[in-house]
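Q: the sequence and its predicted three-dimensional model are supplied below.
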Amino acid sequence: MEWGTVVSVAVGGLIGLSGDTIGRIGARRQAQRARQESLEDAESARRRAIEDESRAAKADRERRAVENILGAYLEHPVRLLNQPPHETDRSATKICAILGFEQSFLLDRELRLRIAEVCYLLDMAQSGSVPGHSLAEVAFLSRSETRMLMGAWSRGDTLPESVEGWRQLRQLRPDIEARWQGTLRDNGSSIVVPPLSIY
């Protein structure tokens, strides 16, 4: 046997062995990369599922808030005529409490602020700070405004302008707020009412 043949066979064997080793290393790296990509895909899918679940939970809570807001007026009716003042006051207090709580769950910012404003004006009307309007009138107008807003939201419509009567109250809000703040001061309170923009 010639040395040249032995060396050729040995070199060929080494090349084949190194090629096989390199192929195995490459396959391992490729498998690791595939596992890593699979783990990243699974993590992304898990995050998307959590986000979808969170969105669905918020949307469900928003729907319940709308139902509770509308239900507040049904469960605590306010009539313009033949309702004793203490019943009107009690109904307005309960409606305001429900609106004040539930508006926090409304995802639509404009709707949330409009409902916060309804609660705000209704609360001020209880102290007699709405000139020219009784509590029953403010509560009655607030019901019309709220039903109109909730109906538009439920249909997916743009929120419309306020109903007649409520529009005037909204325009008078700065004066009503000043009166209410004065009533609070006169009663010894040092509370400053926060702006609606915080809601």
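A: Structure's in. What do you need? Numbering: from 1, shown residues only.

Q: tell me how many other residues surround residue 107.
A: 12 (other CB atoms under 10 Å). (C-beta placed from N, C-alpha, C; glycine too.)

Q: touching, it and residue 57? I think so.
A: No. Using CB atoms under 8 Å as the test, residue 107 is too far from residue 57 to be in contact (11.4 Å).

Q: average pLDDT for stretch 135-150?
A: Average pLDDT, stretch 135-150: 95.

Q: report the buried residues of that stretch.
A: Using 16 or more other CB atoms under 10 Å as the test for burial, stretch 135-150 gives 135-143, 145-146, 148-150.

Q: now tell me what touches it from outside.
A: The set of residues external to stretch 135-150 that reach it, using CB atoms under 8 Å, 6 or more residues apart in numbering, is 66, 69-70, 73, 78-80, 83, 85, 88-89, 91-92, 95, 99, 111, 114-115, 118, 121-122, 125-126, 128, 130, 133, 159-160, 162-163, 165-166, 169.

Q: check stretch 188-198 too.
A: Stretch 188-198 is contacted by residues 113, 116, 117, 120, 177, 180, 181, 184 when judged by CB under 8 Å, 6+ apart.

Q: ok, now with 10 Å
A: Applying CB atoms under 10 Å, 6 or more residues apart in numbering, the set of residues contacting stretch 188-198 from outside is 112-114, 116-117, 119-120, 123-124, 173, 177, 180-181, 183-185.
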